[in-house]
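[1] Here is a sequence together with a model predicted from it:
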Amino acid sequence: MSIDFYWRIGMEGDHASLRTPRRYNRGDAGGYGPGNIAPAIRGGELDGYSYIDHMAAVAKASESAGFLGGLLPSFPMTEDPWATAAALAAETTTYRFMVAFQPGFLHPVQAARMSASLQRATGGRLVYNIISGGGGAPQLWWGDKVDHDDRYTRTSEFLDVLKGVWDGEPFDFDGRFFQTHGAALPPGLAGQPFPEVYFSGSSAAAVAAAGLHSDYYLSWLEPYADLRAKIDGVRENSAKLGRTPKFAVRIDVVARHTEEAAWAEIEKGWAFVDKGAADRAAQGDSVGAARIKGWVPEHITGYRDLEVQPNVWCGFSLIRGGPAFGLVGSYEQVAERLDELRELGVDAFILAGNPHLEEAYRVGEEVLPLLQRTPITPSGLETR
């Protein structure tokens, strides 16, 4: 069985490096000031090289470096991943686009039409990252006040309807959140390859919904023993439903020629530490965010306090936004840790590094070729 590797495409702008995590110099997250790259100010005017051009460069770089596709995240401060996927598809050849979205803000019949149109236009390169939302202020940004467990009920209904209309036969549905009467995709769109579903969420409600719908259960990286327990629980729940999901993990990576050089990058970024970040991330009702807060020590004397096992570091969210856990080490060490995750049952990875463009080349050229045991899916489409 092959292993799929995706790369994260920064939709919110990008840092100059992890050593300067508060400096966004790609995209407009930090404004169009001196030192900005994409776009840049030259002669007092914007140079016409937009941020979509930069995202296209990241997509092409990661495609050429051996990644199967790219994750397009969705947050209140990002561009829309659906529109971005359509724009970037023309810039790549076989690269898949994993569109992150919350089902509550789009009717499933419209989502089916959008998805089938993208599949038809790109030759089947759309992948879903289904996120049901972590509550708190980001959820209210959308005007969404649906309770935690009900959001997963809504997500499950959404996917029931989307799958129900996909083949073009009239489909009726009368649920709590969605209703359809004779809905169907039109000829030409009906019957396109259905996107693979990567399903996120750590709660019991999420695991139950993932058991019904996921092709890949997607988790942030956690200490390996905890991750193994989570995978076992998802597998057991899915077995009761007669399904066998695969598993994927989202991981930030700092890999260098030596372990010392990798930790030197972390040490420089540690100057920007924000020890309250874990508390703020847990203010919603996300079980995953609450789990991460529990792994961050209350008293931190230095960045190495957060190395929970060899090369596994839980301090990323304290120096920049995003998941807490990632891998830090030499190219060989990072490859070994990824191989260990494969032994735990992980079938796919979403990797990331700052800056996204340069690190896509580094990880693709230096880390992926060191992986052992099972083949990596090449940058191309396979028959499923």
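    Arrived safely.
[2] In the chain, what helix or strand scores lowest on average pLDDT?
    Scoring the helices and strands of the chain by mean pLDDT, DSSP states H and E places helix 277-281 at the bottom, with a mean of 56.
[3] Pull stretch 193-213 out as CSV, backbone CA atoms only.
    Once non-C-alpha atoms are left out, stretch 193-213 reads as follows in CSV (Å, rounded to 0.1, in the frame of the first residue of the first chain):
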residue,chain,number,x,y,z
PRO,A,193,-15.1,10.7,-9.4
PHE,A,194,-16.3,11.3,-5.8
PRO,A,195,-13.6,13.3,-3.8
GLU,A,196,-11.7,11.4,-1.1
VAL,A,197,-12.9,12.6,2.3
TYR,A,198,-10.4,13.6,5.0
PHE,A,199,-12.5,14.0,8.2
SER,A,200,-11.2,16.0,11.2
GLY,A,201,-12.3,16.0,14.9
SER,A,202,-11.3,14.4,18.2
SER,A,203,-14.6,14.2,20.1
ALA,A,204,-16.9,11.2,20.4
ALA,A,205,-19.3,13.0,18.0
ALA,A,206,-16.6,13.5,15.5
VAL,A,207,-15.4,9.9,15.6
ALA,A,208,-19.0,8.7,15.1
ALA,A,209,-19.4,10.9,12.1
ALA,A,210,-16.0,10.0,10.7
GLY,A,211,-16.9,6.3,11.0
LEU,A,212,-19.8,6.9,8.6
HIS,A,213,-18.1,9.1,6.1
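[4] And the average pLDDT for it is what?
    In this model, stretch 193-213 has an average pLDDT of 86.
[5] Could you tell me how far that stretch lies from the centre of the chain?
    Centroid separation for stretch 193-213 versus its chain: 14 Å, with CA atoms, centre = their mean, to the nearest Å.
[6] Number the residues from 726 up from this point.
    OK, 726 is where the count begins now, so the last one is stretch 918-938.
[7] Quick check: buried residues in that stretch?
    Residues of stretch 918-938 classed as buried: 918-928, 930-936, 938 (neighbour count, 16 or more other CB atoms under 10 Å). Every residue, glycine included, has its C-beta placed from N, CA and C.
[8] do the same with stretch 765-779
    For stretch 765-779, by 16+ other CB under 10 Å, it's 765, 776-777, 779.
[9] Also stretch 891-898?
    So for stretch 891-898, counting by 16+ other CB under 10 Å, buried means 891, 896, 898.
[10] How about the contacts made by the nearest residue to the second one once chain neighbours are set aside?
    Closest residue to Phe896 in three dimensions, ignoring its sequence neighbours and counting by CB to CB, 6 or more residues apart in numbering: Gly889, at 4.0 Å. The neighbourhood of Gly889, defined by CB atoms under 8 Å, 6 or more residues apart in numbering, consists of 896, 898, 905, 908.
[11] Over to Ala786?
    1082, 1085-1086 are the contacts of Ala786 under CB under 8 Å, 6+ apart.
[12] Which members of those residues are classed as buried?
    Using 16+ other CB under 10 Å, the buried ones in those are 1082, 1085.
[13] could the contacts of Ala786 go into CSV alongside pLDDT, distance to Arg838 and secondary structure?
    Formatted as CSV, the contacts of Ala786 follow (pLDDT from 0 to 100; distance: CB to CB, whole Å; DSSP: H, G, I helix; E, B strand; the rest coil):
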residue, pLDDT, distance to Arg838, secondary structure
Leu1082, 95, 33, helix
Ala1085, 98, 32, helix
Tyr1086, 97, 37, helix
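[14] okay, the contacts of Ala786 in TSV with distance to Tyr1056 next?
    Formatted as TSV, these follow (distance: CB to CB, whole Å):
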residue	distance to Tyr1056
Leu1082	19
Ala1085	15
Tyr1086	13
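[15] Okay, now the unreliable bits of this structure?
    Along the chain, segments meeting pLDDT under 70 span 726, 746-747, 858-872, 1001-1020, 1098-1109.
[16] now the farthest one out in it, which residue is it?
    In the chain, Gly768 marks the outermost C-alpha relative to the chain mean, sitting 37.3 Å out by CA atoms, centre = their mean.
[17] Pop out the phi and psi values for that one.
    phi 60, psi 30 (degrees, to the nearest 10).
[18] ok, it - contacts?
    Gly768 neighbours (CB under 8 Å, 6+ apart): none.
[19] For it, give its distance to Tyr757.
    13 Å (CB to CB, to the nearest Å).
[20] Could you do Ala837 as well?
    Taken as CB to CB, the span from Ala837 to Tyr757 is 38 Å.
[21] and the two? which has more neighbours close in?
    Ala837 (24 against 12; other CB atoms under 10 Å).
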